[in-house]
Structures are given as structure tokens and as C-alpha cells.
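K.L.:
with the input below, show me the fold.
(one chain, ligands or ions: 1)
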Amino acid sequence: MSDSVRIGIVGLGRLGRRHAENLAFRVAGAKLVAAASPVAEERAWAEKTLKGVTTYPGLTELLDHPGLDAVWLVTPTSLHADQVIQSIRAEKHVFCEKPLALDPADCDRAIAAAAGHSGQIVMIGFMRRFDLAYAEAKRRIEAAELGEVFAIRCVSEDPVDPSGFFVRFAPTSGGIFLDCCIHDIDLVRWMLDGAKPSSVAAVGSRILYPALAECGDVDTASATVSFTGGRIADFYVSRTSQVAATRPR
Ligand SMILES: NC(=O)c1ccc[n+]([C@@H]2O[C@H](COP(=O)([O-])OP(=O)(O)OC[C@H]3O[C@@H](n4cnc5c(N)ncnc54)[C@H](O)[C@@H]3O)[C@@H](O)[C@H]2O)c1
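P.N.:
Just a heads-up that it's a prediction; the model follows:
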């Protein structure tokens, strides 16, 4: 491996462009060398914005880029598991955006592939684990500074989306719990050291975006989860916050 990690990004949509600019201009030790998208305008954006990056129509072509160390997957969730497995088999390190897949069987396939290549790093984009405040909470729990943790309450409110992106994105997202609340679910399991759920009760409503009925999704939801050992977690998640819409993103 050279001094820099030579990275190829796949997916140049809403989030992929942000990752691409960070990797190209802001992350020490990272060198963005390749970018892939099936959409010609997205490849044109990459060629113009990310000088010196070679573009490809898809992952298969990108994996042949000379000297590539790692692949950065920011593609629709329905593609993640197969693309993770393909990248692992091509001997690349892998970063994949959350969630890993839309169902547990696909997650298990990807996890098994990673386990068979222990010399490569394979990680999912649960960035809140690197947020200083959450990391400090985890440290305090582990140091027993917060006593016995018996309940955790999580609130995540995404901004209202007048652009319509969220409703178009919903059919391949896995729904509000898998797509949005997954960050809180990951944090709770992380804070509770991988605790396993024993029962779940959940409700949801779609008041602001009735079109979500077509894919069975909701814009506001709440769940209470019991974990083995009697601990509980409450999750409230919404896509309807006017307050969040006024914050810079
Ligand atoms: N960590 C977070 O908080 C966070 C936030 C937003 C999105 N995400 C995740 O990032 C992923 C992408 O979300 P997005 O909002 O950027 O979606 P998007 O629809 O804007 O972008 C998807 C990109 O994938 C490309 N693509 C589609 N099919 C492809 C294929 N076969 N091969 C290669 N590229 C292909 C599209 O051209 C597009 O560039 C999703 O899994 C989402 O859950 C995570």
C-alpha cells in the first residue's frame, strides 16, 4: 500500500457527492482516485469537481482501477450486500453506507464474506459512534460513571423535505426504522454492549407524506424495545421536523 489509501467511490448521489468531496479534499491519508455511477451527469460532475479522478459506469469496472486499496459504497441500500461481497472478493477494504442490507439474510451473507477475509477492513457508515458526545457517553457507561443503565430514550427528527426526494427514495430505503432510526438502534446496541432484543412494540403514522402508503412506509414512528436482562429503549423518529429544516446541513 502507498502512503495514502487509494479509494474508489461508487454512487455520486445526494450523499455520495459529499463523501467524494471529503475524501478528495479533506481527509488526511485518503486519495480519491476513481468514481463510479451509471448516470452520465454524475460522472461529468466528478470529472469537473474531483480533478484527477477516473470515472467508471459501475463497481465492476472501478474494481479494475490500477492500485486501488479501498472501495466506498454510497449506492442504494438494495445493492449494498452484493457490492460489499464483490468488493471483498476483489481484495479491497470496504466502507459501505448504512444500512448493510434490507433483510437479515443479506446481512449474514456480507458478514460471512468479511469474516473470510480478515486481513481487510469492512465497515458500515455508523458515524455517530465517532461523534465525541456519544463516544463520551459510551466511555462513561463503561467506566460505570452512570451507574446501571436500565433505559435509553432516543429522538431523531429529520427535516421536512419539500423537494420530494424522501418520498422518491423511500421504496428502496427499507422504511423509516431501517433507514433513519438505524443510527439510534446501532447506538443503543453499542452502548448496551450488543444487547439482544426480546420484544418490540411499534406504531407509525403518515400525516405529512400520504404517498408513502404505496411502499408501506411512515413519516413518524415510535417503538419500545425490551432487551434481555430487562433493559428497555424507546425510539422516536420522524421526517417532519420544521426546526431541523432550519439548521444548516
Ligand atoms: N449515514 C447517513 O446518515 C446517511 C445519510 C444519507 C444516506 N445514507 C445512505 O447512503 C446511501 C445512498 O443514499 P443517497 O441519499 O446518496 O441516494 P441517491 O439516490 O441520491 O444516490 C444513489 C447513487 O447510487 C448510484 N447508483 C444507482 N445504481 C447504481 C449501481 N448499480 N452501481 C453504481 N451506482 C449506482 C446513483 O446513480 C446515485 O449516484 C443509502 O444507502 C442511504 O441509506 C446514509
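
K.L.:
CA atoms for contacts and neighbours, from now on please.
P.N.:
OK.

K.L.:
in three-state terms, label residue 194 for me.
P.N.:
Three-state call for residue 194 (DSSP: H, G, I helix; E, B strand; the rest coil): coil.

K.L.:
tell me how far it lies from the ligand.
P.N.:
20 Å (Cα to the nearest ligand atom, to the nearest Å).

K.L.:
likewise residue 91?
P.N.:
Counting by Cα to the nearest ligand atom - residue 91 and the ligand are separated by 19 Å.

K.L.:
pLDDT at the closest residue to that residue other than its chain neighbours, what is it?
P.N.:
Spatially, and ignoring its direct neighbours in sequence, residue 91 is nearest to residue 120 (7.3 Å; Cα to Cα, 6 or more residues apart in numbering). Confidence at residue 120, expressed as pLDDT, is 98.

K.L.:
write out the residues of this structure neighbouring the ligand.
P.N.:
Contact residues, the chain versus the ligand (Cα under 6 Å from any ligand atom): 10-16, 37-39, 58-59, 74-77, 97-99, 125, 179.

K.L.:
rewinding a little: okay, and the residue nearest to residue 91 sits in which element?
P.N.:
Using DSSP states H and E, residue 120 maps to neither a helix nor a strand.

K.L.:
can you pull out the strands in this protein?
P.N.:
Counting by DSSP state E, the chain has these strands, from start to end: 5-10, 30-36, 54-56, 70-73, 93-96, 122-124, 151-159, 197-205, 220-227, 232-241.

K.L.:
just name the most buried of the ones you listed.
P.N.:
Of the strands of the chain, the one with the most neighbours on average (mean count of other Cα atoms under 10 Å) is strand 70-73, at a mean of 27.

K.L.:
and the contacts of that strand?
P.N.:
Contact with strand 70-73 is made by 5-11, 80, 83-84, 87, 92-97, as judged by Cα atoms under 8 Å, 6 or more residues apart in numbering.

K.L.:
residues touching the residue of the chain most remote from its centre, list them.
P.N.:
Computed with Cα atoms, centre = their mean, the residue of the chain farthest from its C-alpha average is residue 147, at 30.9 Å. By Cα under 8 Å, 6+ apart, the contact set of residue 147 is residue 141.

K.L.:
I'd like the strands of the chain written out as CSV, with distance to residue 213 added.
P.N.:
Output for these, formatted as CSV (distance: least, Cα to Cα, whole Å):
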stretch, distance to residue 213
strand 5-10, 30
strand 30-36, 33
strand 54-56, 36
strand 70-73, 29
strand 93-96, 28
strand 122-124, 29
strand 151-159, 19
strand 197-205, 10
strand 220-227, 13
strand 232-241, 15
